[in-house]
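quick one: sequence and predicted model below, then my questions.
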Amino acid sequence: MKSWIRVSTGDISTVYEKLTLHHTQQRAQISRDTAFQKNRVLLRLQPKFWFDVAKKVSHPVLKEAFRRYQLAQALPADASPCTDTFIKVMVIPCAHAIKQKLASKE
């Protein structure tokens, strides 16, 4: 932050302008990084299953959803009931929801 302001002395409007510029450039960088992640397709994911969402969400979210998909495949039939906490907090389907969706398609 200090490298952006360069000097800690000066009038408040100069400091404010530099902070505003820094904030704007940070947001632009985050937007570019997010767009770059969305455009890349993870090769280890099954294209048919993930094609609709692969370019709409960031990679960390996609990886977590894939992890939940793998958990759903290994989830036993007598697993504890779903509390929907994971879905409410992470806004990603939990293993229970994915298993139900896969079962309804078969």
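Sure thing, it's come through.

helix or strand with the lowest mean pLDDT in this protein?
helix 2-5 (a mean of 63; mean pLDDT, DSSP states H and E).

mind checking how far whatever helix or strand comes next after that helix is from the chain centre?
Next helix or strand after helix 2-5 toward the C-terminus (DSSP states H and E): helix 12-39. Here the centre of helix 12-39 is set off from its chain's centre by 19 Å, with C-alpha atoms, centre = their mean, to the nearest Å.

what residues of helix 12-39 count as buried?
18, 37 (16 or more other C-beta atoms under 10 Å). Any C-beta I mention is one placed from the backbone N, CA and C, and that applies to glycine too.

check stretch 91-104 too.
Of the residues in stretch 91-104, 92, 93, 94, 95, 96, 97, 98, 99 count as buried by neighbour count, 16+ other C-beta under 10 Å.

what mean pLDDT does that stretch have?
Averaging pLDDT along stretch 91-104 gives 85.

now do stretch 64-71
87.

now stretch 26-37
In the prediction, stretch 26-37 has an average pLDDT of 86.

the residue nearest the centre of the chain: what's it in contact with?
By C-alpha atoms, centre = their mean, the mean C-alpha position of the chain lies nearest to residue 61, the distance being 3.5 Å. Residue 61 sits next to residue 92 when contact means C-beta atoms under 8 Å, 6 or more residues apart in numbering.

next one: residue 29 from residue 100, what distance?
Separation of residue 29 from residue 100 (C-beta to C-beta, to the nearest Å): 40 Å.

I meant to write residue 78 there.
15 Å.

go on, residue 67?
Residue 67 is 17 Å from residue 100, by C-beta to C-beta.

equivalent analysis for residue 70, please.
Residue 70 sits 16 Å away from residue 100, going by C-beta to C-beta.

then residue 89?
19 Å.

give me the element residue 92 is part of.
Per DSSP H and E, there is no helix or strand for residue 92.

over to the one 5 residues further on?
Under the assignment given by DSSP H and E, the secondary-structure element containing residue 97 is helix 95-105.

would you mind writing the CA trace of that helix as CSV?
Extracted C-alpha coordinates of helix 95-105, given in CSV (Å, rounded to 0.1, in the frame of the first residue of the first chain):
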residue,chain,number,x,y,z
ALA,A,95,-22.7,-35.2,-1.7
HIS,A,96,-26.3,-36.2,-0.6
ALA,A,97,-27.9,-33.8,-3.1
ILE,A,98,-25.6,-35.0,-5.9
LYS,A,99,-26.3,-38.6,-5.1
GLN,A,100,-30.0,-38.0,-5.2
LYS,A,101,-29.7,-36.2,-8.5
LEU,A,102,-27.7,-39.0,-10.0
ALA,A,103,-30.1,-41.6,-8.7
SER,A,104,-33.1,-39.7,-10.3
LYS,A,105,-31.4,-39.7,-13.7
